[in-house]
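Asks: structure, please.
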Amino acid sequence: MTTTAADPFTTLRPRLFGIAYRMLGVRADAEDVLQDAWLRWSRTDINALQSAEAWLVTIVTRLSIDRLRALKAEREAYVGWWLPEPLVELDTQTPESAAELAGELSVAFLYVLERLGPEERAAFLLRQVFDYDYPDIAAQLGKTEASCRQMVHRASERVQQARTRFEVPQAVHHQLLQRFMNAAQSGDRYAIQALLSEDAQLIGDGGGIVPSFPKPLVGPFRITNLYWALFRRLGAQVVYRMVLINGEPGLLRYVDGRIESAQAFVTDGEHIVAIYTVRNPDKLASIPATLSQ
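Replies: This is a model prediction of the structure:
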C-alpha cells in the first residue's frame, strides 16, 4: 500500500481503521478491509468525488459488513467465548493514535457488539461512536434514514441491556489495577479478593488452542482462587506488565518469560467488576512475545 502524506486515504486512515476494527474485532481483518479499500481508491477518479471522506467511509463500512457476514459461520463454530483481538500499547502514557483509540473501543464494548447484526452494528457505530448524521449513515449503508434510526435505536437498547457502564477516570482505573497487579504478583489472596466486586466475572478466550473456561467464572472467591493457584504453582515465573489495552489500563501476563494472556478490566472505581482474558495465541501475535522486547 503506497500513499503520500497529502493523500486523503493517509489522512483518514486512523478513522477508517477505527471503523473496520470496531466492526470486526481483529486487526488483520481490519487491515485487509483497508487494503481492499485502498485498491478501489487507487482506481478511482478522486477529482470526481464530492467528498473523499464520505466515499472512503462508505467503502470501508460496506466491506466490513461483507467481511463480518463471511465470518459469521466461523465465529459460530468458535470454541468457547470469542473476544476481540486486543490492541496493546506498551507505553500507558502515550496511546499509539489518539484518533484510532478515541471513543468507545474497550474489549467489554466490542464483546457486547457481537450481539448485533452486521448492518445494525455499522449503523450504531457510525452514529454513536463516530457521530455521523443520519443522512450520511443512510447513504453509507444504502438505507433510508428511518431504517437507520430504527437500527440505531434497537442496537442502543440491546447494548444498554447487555452492559453496565461506569464513568471511571483513567487515573483511578490505573491505580486500582496497579493494586490488583501487585496482589496477583505476590499471591496475596485476601488483597485480590478485596478488589473484586461481589458479582465479578471473568471471561476467557482460548480459541480451542489453549485451555480456557467454557462459561464465565463468576464471583470473587472463584476468580481469586484462579490467580492464587497460578501463583502457588509457578511463583516468580509469572510476571504482569501494565499496558493500555484498547485505550484502557490492562495487564499482560507472562509465564516463563513468554506472553500468556492479555487481560482487560472493567471497574466501577472501587472494585473490578469484569475481567476479559485473551489467551488465544493467534490474538496475541502482535504483542511482544517476551518481557525483554
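Asks: for the residue positioned nearest the centre of the chain, give me its contacts.
Replies: By Cα atoms, centre = their mean, the chain has its centre lying nearest to Val107, at 3.7 Å. Residues near Val107 by Cβ atoms under 8 Å, 6 or more residues apart in numbering: 83-84, 86, 245-246, 250, 264, 276, 278. To be clear about C-beta, it is placed using only N, CA and C from the backbone, and glycine gets the same treatment.
Asks: nearest to Gln128 among those residues?
Replies: Ranked by distance to Gln128 (Cβ to Cβ), the contacts of Val107 are led by Asn246 at 16.5 Å.
Asks: could you find the closest non-adjacent residue to the closest one?
Replies: Leu105 (4.6 Å; Cβ to Cβ, 6 or more residues apart in numbering).
Asks: sorry, back to before: now, which of the contacts of Val107 sits nearest Leu12?
Replies: The shortest approach to Leu12 among the contacts of Val107 belongs to Asn246, at 20.8 Å (Cβ to Cβ).
Asks: phi, psi for that closest one please.
Replies: The phi/psi pair for Asn246 (degrees, to the nearest 10) reads phi 50, psi 40.
Asks: before we move on, back to that, buried among the contacts of Val107? Need that as a selection in ChimeraX.
Replies: Buried residues among the contacts of Val107 (16 or more other Cβ atoms under 10 Å), as a ChimeraX selection:
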select :83,84,86,245,246,250,264,276,278
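Asks: and the gap between the residue nearest to Asn246 and Ala162?
Replies: In this view, Leu105 and Ala162 are 17 Å apart by Cβ to Cβ, to the nearest Å.
Asks: of these two, who's got more company?
Replies: Comparing Leu105 with Ala162 by other Cβ atoms under 10 Å, the one with more neighbours is Leu105, at 20 against 14.
Asks: in strands, which of the contacts of Val107 fall?
Replies: Among these, the ones falling in strands (DSSP state E) are 245, 250, 264, 276, 278.
Asks: turn those residues into CSV, including pLDDT and distance to Thr10.
Replies: Output for the ones in strands among the contacts of Val107, formatted as CSV (pLDDT from 0 to 100; distance: Cβ to Cβ, whole Å):
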residue, pLDDT, distance to Thr10
Ile245, 95, 26
Gly250, 96, 29
Ala264, 97, 30
Tyr276, 97, 32
Val278, 97, 30
